[in-house]
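**Q** how would this look folded up:
(4 chains)
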Protein chains: 2
Amino acid sequence: MGINEFCDHKPSVLGYGAAMSDTSLRTQVYDSLRQALTTGRFVPGQKLTFRFIAGALGVSLTPVREALGRLVAEGAFEMQPNRSVRVPVMTRARIMELRDIRMALEGLAAAKAALAADRRQVAELRRIALAIVAARRQADRVADRRNIREFHFTLYGMADQPTLLRVIEGLWLQTGPYMNLLYPDFVSRPHGPQGRANIIRALQARDAAAARREIENDIDRALSYVADLADDDGNIALAEPTAAVGRRRGAATAVQHFNYAQ
Amino acid sequence: MGINEFCDHKPSVLGYGAAMSDTSLRTQVYDSLRQALTTGRFVPGQKLTFRFIAGALGVSLTPVREALGRLVAEGAFEMQPNRSVRVPVMTRARIMELRDIRMALEGLAAAKAALAADRRQVAELRRIALAIVAARRQADRVADRRNIREFHFTLYGMADQPTLLRVIEGLWLQTGPYMNLLYPDFVSRPHGPQGRANIIRALQARDAAAARREIENDIDRALSYVADLADDDGNIALAEPTAAVGRRRGAATAVQHFNYAQ
DNA sequence: GGGCCTAATCTGTGATCACAAAGGACTGTA
DNA sequence: TACAGTCCTTTGTGATCACAGATTAGGCCC
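**A** You can find the predicted model right below:
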């Protein structure tokens, strides 16, 4: 029960200069919750209390309040008028809104990356793309999502646009809990590897328009797929807890335990 | 010396459901600082301390910390490793990055607004556009900026995309302190009124592409103008403190007094 | 047995206290 | 006069305390 309770501790690239690595408790709590959110360890709609998180992480209320305040501001959590913090429940409309925003911004980042990338960076991106295909044989959902994230943010990082990167991170934080819905059906389609190959080709050719188009297609397909999972009320069913694909029983333990402890 | 010290208290539309109007001190401090920032009452590069703000606003450190934490997360302030919070100094590269992001996002919002706006909303927008022209004769920079903001966010609000609106607000917060540089030269050009008329026509015709194009042009011109004010190092000179256009001596008092009090 | 009222508990918010690290001033030396 | 070392002050961070409002559970009345 330490500060890494919900967290594999992969800090975000947000703020505080490259080499800073802020060590404040507030930031550690923030990273922990962020990680838990993007790996699907919280169930949408789940209610949380400041004191519970503080207890689980072994810190006082102060850093938890600041971390949650920031996450609420970013839309990763919702603070309801009736004094409770919960993981937002996604509707079809909200998914489609996020889809359009992400297409615009990540398309922009990809276009700029295509103009700025050098040969070494393209090689690095190709390495990641190959690793995705290789790792996917093992059907490890957590590793796959980490790889996908790495591919995208490595690409966007090439654009060298810190503000843009920060906004995109905020958007991934909001769509994060629902990306589990892409497994295993969606990811088994051949669009992904094909799209990544196309992106790499676009970078080599310095073809900004092509890079943008490929990223837009990727996001469009993925989030439209998620949007179509909505029920008649527009609500989207719970994301499955993160785990190796297929291990459904064991998969639930993390979140179950979480709920139980609460 | 109250909570409204830096603030005309125009709360943002962020979060907390439409009718909530969060009354927490933290939010009041946030709104106060936000308002001060967007009306140019802080000088870029200016250093601030938590205790000073708390003292000026008559609150304890706690709500100030939370408000500033959020503003730092949004990029409205910078927290330096050496324990100090300051208003970011803008570079040409950063302005152009913000320009491209805003063009993409506000263009998207305008396009969606064009498809969703009804007749009453278009009439409201036209009213605001006329008010801008009328008020501009009085050369009141503060009022003009408030009007411009109202025009844009009324337009974007028609798109009915809360997440998009929130992201755009965050971007305005970052460009805010520098929009004073548009006065009086830039705003005296005829692009503005002409562009707003074009937007209204686009809404009437439900022409999403035209609405997008007009907004993109507007942002492009304004922020490219600001970017061209950068010196050889890429730094952009201080924004002039907000005041009625032309009253330069009186204009400085707000910020002067602020610096003095510090 | 079911609905409503009340009291105990829980929860977020704000203030205050304690502390370590950074900044700045002051002094002594070369 | 320039510079480095030391001490004191300032400043952000985290923990703890106090409190008001919301939630909930239990009991009472019909």
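**Q** need the residues of chain A near chain B, please.
**A** Counting by CB under 8 Å from any CB of the partner chain, the residues of chain A close to chain B are A:14-17, A:20, A:26, A:65-66, A:69-70, A:72-75, A:79, A:81, A:94, A:97-98, A:100-101, A:104-105, A:107-108, A:112, A:161-164, A:166-167, A:170-171, A:174. For glycine as for every other residue, the C-beta is placed from the backbone atoms N, C-alpha and C.
**Q** List the ones among these that fall in strands.
**A** Under the assignment DSSP state E, the residues of chain A next to chain B contribute A:M79 to strands.
**Q** can you pull the contacts of the residue in the stretch 101-250 of chain A positioned nearest to DNA strand C?
**A** Proximity of the stretch 101-250 of chain A to DNA strand C (CB to the nearest atom of the strand) peaks at A:P177, 18.8 Å away. Shown in contact with A:P177 (CB atoms under 8 Å, 6 or more residues apart in numbering or on different chains): A:37-38, A:40, A:42, A:44, A:87, A:90, A:239.
**Q** Considering the residues you listed, which possesses the most neighbours?
**A** The most crowded member of the contacts of A:P177 is A:G40, carrying 27 neighbours; neighbours defined as other CB atoms under 10 Å in any protein chain shown.
**Q** ok but that residue is inside a strand, no?
**A** No: under DSSP: H, G, I helix; E, B strand; the rest coil, A:G40 falls outside any strand and is assigned coil.
**Q** How much space separates it from chain B?
**A** The spacing between A:G40 and chain B, counted by CB to the nearest CB, to the nearest Å, is 20 Å.
**Q** What pLDDT does the model give that residue?
**A** The model reports A:G40 with a pLDDT of 77.
**Q** ok, back up a step: want to throw the contacts of A:P177 into JSON lines with distance to DNA strand D?
**A** Output for these, formatted as JSON lines (distance: CB to the nearest atom of the strand, whole Å):
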{"residue": "A:L37", "distance to DNA strand D": "20"}
{"residue": "A:T38", "distance to DNA strand D": "22"}
{"residue": "A:G40", "distance to DNA strand D": "25"}
{"residue": "A:F42", "distance to DNA strand D": "19"}
{"residue": "A:P44", "distance to DNA strand D": "18"}
{"residue": "A:V87", "distance to DNA strand D": "17"}
{"residue": "A:M90", "distance to DNA strand D": "22"}
{"residue": "A:A239", "distance to DNA strand D": "24"}
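**Q** Okay, now the unreliable bits of chain A?
**A** Counting by pLDDT under 70, the ranges of chain A that qualify are A:1-21, A:184-188, A:190, A:232, A:234, A:238-262.
**Q** So which bits of it are right by DNA strand D?
**A** Applying CB under 7 Å from any atom of the strand, one finds that chain A approaches DNA strand D through A:24-26, A:59-63, A:66, A:82-83.
**Q** farthest pair in these?
**A** Pairwise distances across the residues of chain A next to DNA strand D peak at 30.1 Å for A:S24 and A:N82 (criterion: CB to CB).
**Q** Which one of the contacts of A:P177 is nearest to B:Q121?
**A** The closest of these to B:Q121 turns out to be A:M90 (CB to CB; 27.2 Å).
**Q** Test my guess that that closest one contacts A:P44.
**A** Yes: here A:M90 lies in contact with A:P44, judged by CB atoms under 8 Å, at a distance of 6.2 Å.
**Q** Can you pull the residues that touch both of these two?
**A** Counting by CB under 8 Å, 6+ apart, the shared contacts of A:M90 and A:P44 are A:177-178, A:236.
**Q** Among those residues, which are located in strands?
**A** Judged by DSSP E, strands contain none of the shared contacts of A:M90 and A:P44.
**Q** Nearest to DNA strand D among these?
**A** Taking CB to the nearest atom of the strand as the measure, DNA strand D lies nearest A:P177 of the shared contacts of A:M90 and A:P44, at 22.6 Å.
**Q** Mind putting the shared contacts of A:M90 and A:P44 into a markdown table with distance to B:L33?
**A** Output for the shared contacts of A:M90 and A:P44, formatted as a markdown table (distance: CB to CB, whole Å):
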| residue | distance to B:L33 |
| --- | --- |
| A:P177 | 31 |
| A:Y178 | 33 |
| A:I236 | 36 |
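**Q** got the residues of chain A near DNA strand C?
**A** Taking CB under 7 Å from any atom of the strand as the contact definition, chain A meets DNA strand C at A:48-52, A:61-62, A:65, A:79, A:83-85.
**Q** Quick one, which of those are buried?
**A** Among the residues of chain A next to DNA strand C, those buried by neighbour count (16 or more other CB atoms under 10 Å in any protein chain shown) are A:48, A:62, A:65, A:79, A:85.
**Q** Just the ones of these in helices?
**A** Mapping those onto helices (DSSP state H) picks out A:62, A:65.
**Q** Excluding residues flanking it in the chain, which one is nearest A:A209?
**A** Distances taken as CB to CB, 6 or more residues apart in numbering or on different chains put A:A111 closest to A:A209, at 7.0 Å, once the chain neighbours are dropped.
**Q** The one you found against A:A211, yeah?
**A** Yes: taking contacts as CB under 8 Å, A:A111 lies within contact range of A:A211: 5.7 Å.
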